[in-house]
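Asks: Structure for this input, please:
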Amino acid sequence: MSISPRKGILDIVPYKPGESKVEGVDRIIKLASNESPLGPSPKVQDAIERALNDDLALYPDPACTTLREAIAEVHGLRSEQILCGNGSEELLQLLIRAYVGDGDEVILSRFGFLVPPLVTRAVGGTAVMIDEQNYKADIDAMIAAQTERTKVVVLANPNNPTGTYLPFEEVKRLRQGLREDVLLILDAAYAEYPETEDYNAGLELVDNGLDNTVVTRTFSKIYGLAALRVGWVYAPEEILAVLHRIRPTFNVNKISQAAAEAAVRDQDHVARTRIHNNKWLPRLSAALEEIGLEVTPSVGNFVLVHFRDAEQRQAADNFLRGRGIIVRPVANYGLERSLRITIGRDAENDALLKALAEFMT
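Replies: Predicted coordinates:
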């Protein structure tokens with residue numbers, strides 16, 4: 001008799017991150033993973049060097065005390081309601097593991113981040129995928145999908161890979177339409193990018209007097225710390241008490257804590273990164289449409305580009321890879337004719353546009 005995993009595990013298709021290499025090509029332009037083109041704050045390097053000069057034989061602070069205090073200070077929050085993790089992905093996993101079991105249901109938008117449905121299936125739950133309207137989450141359909149088995153609803157806002165967002169009034173309407181015993185997880189990994197007046201990451205919903213809403217954030221995107229894996233969740237203390245029971249004790253290492261604290265305190269660098277994104281987001285979208293491609297309006301640091309069909313999308317992807325440009329196919333989301341393209345540095349964006357213009361002629 002062979003050892004077998006729990007039922008359903010082998011039915012899960014593993015999450016595949018963006019590639020970073022092309023065989024036979026030395027110089028790569030990677031526009032596949034929504035990483036920051038400007039990288040981290042210059043102050044991060046100094047913080048890392050100071051941390052390296054400390055005694056590395058000692059364990060890091062398991063509570064991430066100074067990092068939580070820095071996050072709370074910058075965002076006007078209570079540090080007691082913040083938990084840091086190994087990227088926001090770990091925190092999303094912990095939340096679903098804590099509140100979902102065999103036969104339970106998690107409601108998700110069709111084109112949302114793939115990790116929550118994978119974790120849901122891993123713990124024996126059912127991922128209820130709700131179709132979108134014009135690449136935006138359908139709030140009415142998500143509310144209507146509730147059953148007695150519904151335990152969690154996950155909303156990525158802004159959403160990846162579409163780049164779309166819902167106004168805060170819609171997010172509040174979603175919360176109001178859910179039962180009080182249903183946990184709403186707002187995945188706000190790209191919250192620093194939108195500058196529209198009607199967008200809000202939803203942190204104030206956490207303090208609604210009920211323990212039913214949390215917001216996850218990350219240092220991997222605008223802060224440029226994807227390699228160091230740091231995220232945080234803002235949640236009611238009752239929920240944090242649950243997560244502390246199942247999280248790894250030392251889930252954020254000493255170097256990452258120091259780097260993230262320096263990064264969050266340098267909001268001038270965040271502003272510079274946002275300015276770069278605001279310059280290129282409309283420029284890139286307009287240029288792609290000018291050469292005959294369909295672009296979904298985005299508020300993130302990437303655009304979702306649609307080709308005529310899956311065959312043309314594959315040909316475009318191959319064409320770009322042949323020139324050392326890696327973008328992200330999103331057929332695994334059900335978007336067979338689309339590519340997600342990260343906004344890069346000036347020269348990288350120019351090279352991408354030149355290559356796609358050549359492909360489309």
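
Asks: My understanding was that Thr213 contacts Gly202; is that so?
Replies: Yes. With contact defined as CB atoms under 8 Å, Thr213 counts as touching Gly202 (7.3 Å). Backbone N, C-alpha and C define where each C-beta goes, glycine included.

Asks: intersection of neighbour lists for the two?
Replies: Leu186 (CB atoms under 8 Å, 6 or more residues apart in numbering).

Asks: Which pLDDT value belongs to the nearest residue to Arg149 once chain neighbours are set aside?
Replies: With sequence-adjacent residues excluded and distances taken as CB to CB, 6 or more residues apart in numbering, Arg149 is closest to Glu105, at 4.4 Å. Per-residue confidence for Glu105 comes out at a pLDDT of 98.

Asks: Bridged to Glu105, which residues?
Replies: Per DSSP bridges, residues listed as beta-bridge partners of Glu105: Thr126, Thr150.

Asks: wait, doesn't it sit right on Thr150?
Replies: Yes. Using CB under 8 Å as the test, Glu105 is close enough to Thr150 to be in contact (4.8 Å).

Asks: any shared contact partners between the two?
Replies: Residues touching both Glu105 and Thr150 (CB under 8 Å, 6+ apart): Val128.

Asks: most centrally placed residue in this protein?
Replies: Closest residue to the average C-alpha location of the chain: Ala189 at 4.1 Å, with CA atoms, centre = their mean.

Asks: ok, that one - contacts?
Replies: Ala189 is in contact with Ser88, Phe113, Ala156, Asn160, Thr216, Arg217, Thr218, Ser220, Lys221, counting by CB under 8 Å, 6+ apart.

Asks: Could you do Arg175 as well?
Replies: Neighbour list for Arg175: Leu184, Leu205, Asn208, Asn212, Thr213 [criterion: CB under 8 Å, 6+ apart].

Asks: go on, Asp346?
Replies: Neighbour list for Asp346: Trp280 [criterion: CB under 8 Å, 6+ apart].

Asks: ok, now with 10 Å
Replies: With contacts defined as CB atoms under 10 Å, 6 or more residues apart in numbering, the neighbours of Asp346 are Pro37, His276, Lys279, Trp280.

Asks: Please apply the same query to Ala227.
Replies: When contacts are counted by CB under 10 Å, 6+ apart, Ala227 touches Glu35, Pro40, Ser220, Ser256, Ala259.

Asks: Next one, pLDDT for it please.
Replies: For Ala227, the model assigns a pLDDT of 96.
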